[in-house]
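Enquirer: Provided below are the primary sequence and the corresponding predicted coordinates.
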Amino acid sequence: MATGDDHVDGQDDPYQGGGKISVRERNRRDKLQRITEAARALFVEKGFDETTTREIARRADVALGTLFLYATDKRDLLFLICTSELEALTDKAFGDVPRSDRLIDELIHIFDFYYRYFAEQPGLSKYILRELTFFVSGVQGQRFQSNRHRVISQLEEHLTGARARGLLKEGANPADVGWVVFAIYQAEIREWLVDPAPDPVDGLQSLRRALNVALDGCAAETEISGS
């Protein structure tokens, strides 16, 4: 029989298929939610650079030491806010891509999920992408980076299937193409977020133009004589 904080109460656990959840686990999740909500609110209100971890702990009503049980530092808190959401978003984006006779349409369908997500919180998104560029330390930062690699891997898998359907040249390497597609997306979404009120439709149109250049190719078919 469990005792103390470990005893099981009558509340179902939505994460374990309806099993019972212990008081300790329920308290842990409650603190995690409060920390996440406090960090998100303060980053939006004050900006990432101006917010301190003490302010986040105070608003979440937890001790500063408790806060660092969930994230390594302030940057890690930034990744904590969005990592679970982006992991779920990646599942949706690649889960059921409508078949098309044009590869570009399938890619735009995938990236539409990300553009609409980042458009909901453009200010916060800028901080997230800025910090991701050079810093990937911390538990949450590594989770964020792992999801980034999963997107690239899913692109490679999708492109492999597209090549089998004749939408990609037979000699094209899906891994290489996937990396190029992702790199273009990363550059495009950062440029798009410069706008204080970014429109996903405009962003996706620009992404489509850039991806078309890469997918269609712009080099001459034959070498120029004497070159």
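Expert: Yes, it's here.
Enquirer: make it CA atoms for all contacts and neighbour counts henceforth
Expert: Will do.
Enquirer: helices of this structure, start to end?
Expert: Assigned by DSSP state H, the chain shows helices spanning 23-46, 53-60, 64-67, 74-95, 103-120, 122-134, 139-164, 174-192, 200-216.
Enquirer: those helices: lowest mean pLDDT?
Expert: When these are compared by mean pLDDT, helix 122-134 comes last with a mean of 82.
Enquirer: list the buried residues for it?
Expert: Pro122, Gly123, Leu124, Ser125, Lys126, Tyr127, Ile128, Glu131, Leu132 (16 or more other CA atoms under 10 Å).
Enquirer: can I get it in CSV, CA atoms only?
Expert: Extracted C-alpha coordinates of helix 122-134, given in CSV (Å, rounded to 0.1, in the frame of the first residue of the first chain):
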residue,chain,number,x,y,z
PRO,A,122,5.0,35.7,-33.2
GLY,A,123,6.8,37.5,-30.4
LEU,A,124,7.5,34.4,-28.5
SER,A,125,8.3,32.5,-31.6
LYS,A,126,11.1,34.9,-32.4
TYR,A,127,12.8,34.3,-29.1
ILE,A,128,12.4,30.5,-29.5
LEU,A,129,14.0,30.4,-33.0
ARG,A,130,16.7,32.9,-31.9
GLU,A,131,17.8,30.9,-28.9
LEU,A,132,17.6,27.6,-30.8
THR,A,133,20.1,28.9,-33.4
PHE,A,134,23.2,28.7,-31.2
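Enquirer: how distant is it from the center of its chain?
Expert: Here helix 122-134 is found 11 Å from its chain centre; the criterion is CA atoms, centre = their mean, to the nearest Å.
Enquirer: domain-wise, how is the protein divided?
Expert: Taking automatic domain parsing as the criterion, the chain consists of the domains 16-70, 73-216.
Enquirer: just give the closest residue to the residue nearest the centre of the chain, not the sequence neighbours.
Expert: Closest residue to the average C-alpha location of the chain: Leu86 at 3.8 Å, with CA atoms, centre = their mean. Nearest residue to Leu86, sequence neighbours excluded (CA to CA, 6 or more residues apart in numbering): Asn147, at 7.6 Å.
Enquirer: and that neighbour, how many residues sit next to it?
Expert: By other CA atoms under 10 Å, the residues close to Asn147 number 18.
Enquirer: list the residues that contact it.
Expert: By CA atoms under 8 Å, 6 or more residues apart in numbering, Asn147 lies in contact with Thr83, Leu86, Glu87, Thr90.
Enquirer: same thing with Ile81?
Expert: Residues near Ile81 by CA under 8 Å, 6+ apart: Thr36, Glu37, Ala39, Arg40.
Enquirer: again, only using 10 Å
Expert: Counting by CA atoms under 10 Å, 6 or more residues apart in numbering, Ile81 touches Gln33, Ile35, Thr36, Glu37, Ala38, Ala39, Arg40, Leu124, Ile128, Gln140.
Enquirer: hang on, the last one packs against Leu80?
Expert: Yes - with contact defined as CA atoms under 10 Å, Gln140 counts as touching Leu80 (5.5 Å).
Enquirer: what's the overlap in contacts for the two?
Expert: Common contacts of Gln140 and Leu80 (CA under 10 Å, 6+ apart): Tyr70, Ala71.
Enquirer: show me the contacts for Tyr114.
Expert: Here Tyr114 is in contact with Leu86, Leu89, Thr90, Ala93, Ile189, Pro200 (CA under 10 Å, 6+ apart).
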